[in-house]
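>>> pasted the sequence and its predicted model underneath.
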Amino acid sequence: MTDIEFWLLMIAIFILILISAFFSSSETALTAVSDARMHQISKKGDKRASLVKDLRAKRDLLISAILIGNNAVNVLASALATSIAITLFGEGGVAFAAVIMTLILVIFAEVLPKSYAFKNADKFSLIVARPIKITVKMLSPISKIIGLTVSLFFKEKKENSTNREEELRGLIKLHSAGGDNSDRERGAMLSSVLDLRVIAVEEIMKHRSDVVMIDYNTDYSSIITKVQNSSFTRHPVFSGRIDNIVGVLHVKDIFKKINKNNIQNNNIDFGNMISPVYFVPETTSLYDQLQAFRKRREHFAVVVDEYGDFRGIITLEDILEEIVGEIDDEYDNTLPGLTSQKDGSWIVKGDITIRDLNRTFDIDLPDEEASTIAGLVMYESRSIPSPGQEFRFHKLRIRILNKEQNKITSLRLWFDNNNLDE
């Protein structure tokens, strides 16, 4: 082998190593690149971002083309190196070439380029998009043949929505866990958006016992007094029995059309002020209900069970609070039904929801079998407990304080970080 041949082969090996580094870094960059970032760049008119999106949309062809190109140049580089080593050292040069080329390829064609590409995925993917697109087109016939061969051995499983949702939940927890309070709040908000499809209206509705209702047959002055003393703007109107809801009365409609003389003369027809009632099943998911509110341009609905009986009310604000947390106005109390005690315990109304408790205290009480704390106590105790009885479950100590008939109206809670031996 002449000196010229030797150096030509060395230059060829060097170029092949550079090509191998290019394929390795491109694979990492195009795999790790942010889809959201590329979408934004593409909207600004950068055609390279559109190429990246197209390449990622056909990942099978992308990965196959890169692997074919990468392996081809690695094998060729190793073959040339082996040829030089045999010429210089004889048969022992084979082992020498294998060791040297393995070290060179791992360090300079794999680790270094992939590390750089991973740290600069968005920027680097834009740089390599065009040459990789050309490579994929050139090698697509071979890639398709390889894909068909692989499909003979493995049945391709389509990724379902559940797997994608679990992956998204994992990403949200991963990014919010190590951040500050703002990151955690954003993570909780995004998780709540995903929960809208699995939470039913009955889990967050205002129960019928807490709804301020209007009797259609009540005198006008009593109705005015009731709505003036209420912090709510909409009230279900019933006739006869509570389950017979005939409409919804909006406070603003009253004060638009009446004055003191009208009230005193009892000549106001409240029937003209009542809006049609919008009924929804208690099993409706929050996502479906939110879409229904938007479509109907409604803010208020009456919740009924499978028999058509009145269960409670659901508002647009209730659903939004599930996403962003409590939305208080000047008439709202901070988490009504919850009062702190000097010893660290809490007096809790029985109908306060488990979701509100979980959000307020950052705990994880189960809400699969019951939606309120009273319901959870009855489910766990398998009984209707009496005042004075105590229970311990889910890292809670619970004492029943009051009960009306079969309904637990108030409880006292101690958490595991409080004095449980009191």
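Ah, there it is. A quick note: this is a predicted structure, and the numbers were derived from the prediction, not measured. Residues are numbered from 1 along each chain as shown.

>>> right, and residue 212 touches residue 228 too?
No: using C-beta atoms under 8 Å, residue 212 makes no contact with residue 228, being 11.2 Å away. C-beta: built from backbone N, CA, C; applies to glycine.

>>> neighbour count winner among the two?
The residue with more neighbours, out of residue 212 and residue 228, is residue 212; 15 against 10, by other C-beta atoms under 10 Å.

>>> where's that one relative to residue 310, distance?
13 Å (C-beta to C-beta, to the nearest Å).

>>> residues near residue 311, how many?
For residue 311, using other C-beta under 10 Å, the count is 20.

>>> secondary structure class for it?
Following DSSP: H, G, I helix; E, B strand; the rest coil, residue 311 is assigned to strand.

>>> mind listing what's buried in stretch 352-369?
For stretch 352-369, the buried set under the neighbour-count rule, 16 or more other C-beta atoms under 10 Å, comprises 352-357, 359, 365, 367.

>>> tell me which helix or strand of this structure sits lowest on mean pLDDT?
Here the helix or strand of the chain ranked lowest by mean pLDDT, DSSP states H and E is helix 260-265, holding a mean of 51.

>>> and the least confident of the buried residues of stretch 352-369?
Looking at the buried residues of stretch 352-369 by pLDDT, the weakest one is residue 359, with 76.

>>> I figured that one hits residue 325, correct?
Yes: look at residue 359 against residue 325 with C-beta under 8 Å: they come within range, at 6.9 Å.

>>> put the alpha carbons of stretch 116-128 into PDB.
This file holds the C-alpha atoms of stretch 116-128, laid out as PDB (Å, rounded to 0.1, in the frame of the first residue of the first chain):
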ATOM      1  CA  TYR A 116     -24.900  17.700  21.800                       C
ATOM      2  CA  ALA A 117     -28.100  17.000  19.800                       C
ATOM      3  CA  PHE A 118     -30.100  16.100  22.900                       C
ATOM      4  CA  LYS A 119     -29.100  19.400  24.600                       C
ATOM      5  CA  ASN A 120     -29.900  21.400  21.400                       C
ATOM      6  CA  ALA A 121     -32.700  19.300  19.900                       C
ATOM      7  CA  ASP A 122     -35.000  22.100  18.600                       C
ATOM      8  CA  LYS A 123     -32.200  24.100  17.000                       C
ATOM      9  CA  PHE A 124     -30.300  21.100  15.600                       C
ATOM     10  CA  SER A 125     -33.400  19.400  14.200                       C
ATOM     11  CA  LEU A 126     -34.000  22.500  12.000                       C
ATOM     12  CA  ILE A 127     -30.500  22.300  10.700                       C
ATOM     13  CA  VAL A 128     -30.600  18.600   9.700                       C
END
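
>>> who's in contact with it?
Outside stretch 116-128, the residues that touch it by C-beta atoms under 8 Å, 6 or more residues apart in numbering are 22, 24-26, 28-30, 32-34, 37-38, 41, 46, 48-49, 52.

>>> centre of the chain to it, how far?
Stretch 116-128 has its C-alpha centroid displaced from the chain centroid by 28 Å (C-alpha atoms, centre = their mean, to the nearest Å).

>>> same deal with stretch 193-200?
Worked out by C-alpha atoms, centre = their mean, stretch 193-200 lies 9 Å from the chain centre.

>>> what does stretch 15-33 give?
33 Å.

>>> now stretch 28-48
23 Å.

>>> so for it, what gets flagged as buried?
Neighbour-count burial for stretch 28-48 flags 28-33, 38, 41-42, 48 (criterion: 16+ other C-beta under 10 Å).

>>> in CSV, list the residues you listed along with distance to residue 82, secondary structure and pLDDT.
Formatted as CSV, these follow (distance: C-beta to C-beta, whole Å; DSSP: H, G, I helix; E, B strand; the rest coil; pLDDT from 0 to 100):
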residue, distance to residue 82, secondary structure, pLDDT
28, 28, helix, 91
29, 31, helix, 90
30, 31, helix, 90
31, 31, helix, 88
32, 34, helix, 87
33, 36, coil, 88
38, 41, helix, 87
41, 44, helix, 87
42, 45, helix, 86
48, 39, helix, 89
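
>>> dump these to JSON lines, plus distance to residue 100.
Converted to JSON lines, the buried residues of stretch 28-48 look like this (distance: C-beta to C-beta, whole Å):
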{"residue": "28", "distance to residue 100": "24"}
{"residue": "29", "distance to residue 100": "28"}
{"residue": "30", "distance to residue 100": "30"}
{"residue": "31", "distance to residue 100": "29"}
{"residue": "32", "distance to residue 100": "30"}
{"residue": "33", "distance to residue 100": "33"}
{"residue": "38", "distance to residue 100": "39"}
{"residue": "41", "distance to residue 100": "41"}
{"residue": "42", "distance to residue 100": "43"}
{"residue": "48", "distance to residue 100": "37"}
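
>>> who touches stretch 68-79?
12-13, 16-17, 19-20, 23-24, 27, 97-98, 101, 105, 109, 135, 139, 142-143, 146.
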